[in-house]
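S.K.: Test case, fold it:
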Amino acid sequence: MARKKQEVALQIDIESQEDMDEMLNKDGLIVMDVYQEWSGPCKAMVSIFRKIKNEIGDELLRFAMAKCDTVDSLERYRGRCEPCFLFFAGGVLVNVIRGSNSPLINKVIMEQLAYEHKVLDGSAERKEIRDPLLADFDDRGAFDEEDEDEDGEEGSKRGVTLAIIKPNVVAEGKAEEVMEKATGIEILEHTERQLTEEEARSFYSDKEGEEFYEDLVKFMSSGPSHVLVLSKGETGEGIVEEWRELLGPPSVEEAKEKAPDSLRAKYGKESYANALHGSDSQARAMAELAFFFPNYTVPTVPRGKKPHVQRTLALIRPDALREKKEEIMAKVKEAGFQIAMQKEMQLTKEQAEAFYSEHKGESYFDTLTTRMSSGPVLALALARDDAITGWRDLLGPKDVKEAQESAPDSLRAQFSHTDDPVNALHGSDSPSTAENELNFFFPMQQTVAVIKPEAYESKDAIIDRIKEAGFHVAARKETELTADIAEQFYKGVEGKEFYGDLVKHMTSGQTLFMVLSREDAVDGWRSLIGPTDPEKAKEEAPESLRAQFGKDTLANAVHGSSSAEQAAENIKILFGDIQFQPDGSVKGVIRFYAAASLYGIEFALITYSQSLCQLSP
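M.R.: Just a heads-up that it's a prediction; the model follows:
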């Protein structure tokens, strides 16, 4: 099918490696939409690109769209359900953005174009990068191959569907009521979002031409919707059909007649305001998933399924903590949950309002936040196979009377007061919510980890232990230290008898410096490395890194910051003025794509570009 003339003029079509090579030989900044044949290019961005091109009028700015299915050098981008924009200059990759976040893309275009002008006039040097997603896959490749060998066969994607709770249901305050009726269905992702008119037109482009199309677009952009990724069981098999059966016929009138218990029969108003949406096929679900959650990776179900270990946040509210703490903790352990972290704290009213901000405007908001700030709460980070659904099943319905009637063995039924509008316990409702809520009570922290020269050859084994302990390597640098940097790094022990030997040792060979991110990272890393003396470590902490890799007190394999303040100081010495996202990743050019997602999927290992992390010589 021929493309519209104006789109061809705006974006150069790349469908072969020859086209790609020819494009990369052109001067200037190239903004390339990399797409899959089945989904097509990102139409939502075309008008944005045209506006930028017309307003700037810069001949050095070029737009292209590349079909990765037929371009050899883009093979690694095949099969990914997310908009992806590659920025090229001088034939090399200079930036990457995932997701169709137009303000971010506009900002990066302006910055990269201005920088390319500086490169061309000789006042700046072009900085080539590796796509951090592909670099991460490279870092994990050997590990993944081992997993596949053990399983005997590469895993399949879990079945998912996309659900939308439409503006009329959200406006009536019934979104949570609807979600609670989806029993046995797991919410993998959940966001509240108001579509722009342009986004509504793009999402419902298949309805264009229908009599109600304009009303539908206006309705869907009239207020917030709740967008969810749903699955069920271990494999997700049949989730599309089950959700559509729960919805009922698209026509509200037909739903009331033929399926009076369906969600559309109960909550729908008219044809286009039929309360909810559900994907009509697995293929359609993947396309819709890419629209709303461009960075989301559908979980894999390996052969010989491994446990789906998750973490979730549990809160024991003030009254229950004061009266029933021991009984509740016993129930938690009986259910097979591991308590990864716990913290008892007194919330202020403002903190309680911040934590429950999504409920602001609800009739119970003031009562809830007042109760949550009336005394200490106990926050628990619980870990278990399918922890999120497991904990919510254990909690039971939110309404205490309903819990006591329909789930008398649930925790809310047992430990809440019958007439109390606020139940005794809280649990996260999705992986993204769990991550945000855990970060609220257990905020991300950074520490500096050093693999010393004598342990450098064992760095891969040590990094494996780091990952197993839940740390994320946010930045890393391999170098041979100069005496000046070593003295600055260890100035805290200057004057000690061993100071000179320590500096000499640290400049004797290759050293790996890392910034590790995790909740409670400083104490967690020091616990993992063990006592300073490897002999003492072998006695007191035989599984620690120093016990396994250290030789003596000087050559004890690894080093860690002793406090958050020292960690911040050391990070500045080694990596400069880098800053961190709430998820512990590094802010910067390579991480722009993380900011593009409302619920960014967190990558395990980020190899920070050398051009951004240079150590002082």
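S.K.: Nearest residue to residue 553 in space, please, no chain neighbours.
M.R.: Closest residue to residue 553 apart from its sequence neighbours, by Cβ to Cβ, 6 or more residues apart in numbering: residue 533 at 5.0 Å. Glycine gets a C-beta too; all of them are placed from N, C-alpha and C.
S.K.: now the one you found: how far from residue 120?
M.R.: In this view, residue 533 and residue 120 are 57 Å apart by Cβ to Cβ, to the nearest Å.
S.K.: in the stretch 501-617 of the chain, which segments are predicted with low confidence?
M.R.: Scanning the stretch 501-617 of the chain for pLDDT under 70 picks out the ranges 587-617.
S.K.: quick one: the strands in it?
M.R.: Under the criterion DSSP state E, counting those that start in this stretch, the stretch 501-617 of the chain contains strands at 511-519, 558-560.
S.K.: ok, the residue nearest to residue 553 touching residue 555?
M.R.: No. Judged on Cβ atoms under 8 Å, residue 533 makes no contact with residue 555 at a distance of 11.3 Å.
S.K.: Now for the two: what residues contact both?
M.R.: Contact criterion Cβ atoms under 8 Å, 6 or more residues apart in numbering; residues shared by residue 533 and residue 555: none found.
S.K.: Would you mind measuring from residue 190 to residue 489?
M.R.: Distance from residue 190 to residue 489, by Cβ to Cβ: 44 Å.
S.K.: same thing with residue 414?
M.R.: 54 Å.
S.K.: on that earlier part again, run a quick neighbour tally on the residue nearest to residue 553.
M.R.: Number of residues near residue 533 (other Cβ atoms under 10 Å) recorded here: 16.
S.K.: repeat for residue 23
M.R.: Residue 23 has 18 nearby residues by other Cβ under 10 Å.
S.K.: For it, give me its contacts.
M.R.: Residue 23 is in contact with 12, 14, 30, 32, 62, 64, 88, counting by Cβ under 8 Å, 6+ apart.
S.K.: Is the fourth one bridged to anything, and to what?
M.R.: Applying DSSP bridges to residue 32 gives these bridge partners: residue 64, residue 86.
S.K.: Now do the SS call for residue 159.
M.R.: Secondary structure, DSSP: H, G, I helix; E, B strand; the rest coil: residue 159 is coil.
S.K.: if I pick it, what's in contact with it?
M.R.: 231, 232, 235, 236, 237, 238, 239, 240, 282.
S.K.: Pretty sure residue 58 sits in a helix.
M.R.: No. With three-state DSSP as the criterion, residue 58 is located in coil rather than a helix.
S.K.: Wait, it touches residue 112, no?
M.R.: No. Here residue 58 does not reach residue 112: they are 11.6 Å apart, not a contact under Cβ under 8 Å.
S.K.: ok, those two, which is more surrounded?
M.R.: Taking other Cβ under 10 Å, residue 58 and residue 112 do not tie; residue 112 has more neighbours (20 against 16).
S.K.: Quick check: the residue nearest to residue 553 vs residue 556, distance?
M.R.: For residue 533, the distance to residue 556 - Cβ to Cβ - is 7 Å.
S.K.: for residue 316, same thing?
M.R.: On the measure of Cβ to Cβ, residue 316 and residue 556 end up 41 Å apart.
S.K.: in the stretch 251-400 of the chain, which spans are helices?
M.R.: In the stretch 251-400 of the chain, the segments counted as helices under DSSP state H, counting those that start in this stretch are 252-258, 263-267, 282-292, 318-334, 349-355, 365-372, 387-395, 400-406.
S.K.: Sorry, wrong one. I was asking about the stretch 1-150 of the chain.
M.R.: 5-10, 17-24, 46-56, 102-120, 132-151.
S.K.: buried set for the second one?
M.R.: If I follow you right, that is helix 17-24. 19, 20, 23, 24 (16 or more other Cβ atoms under 10 Å).
S.K.: Good, we can wrap up now.
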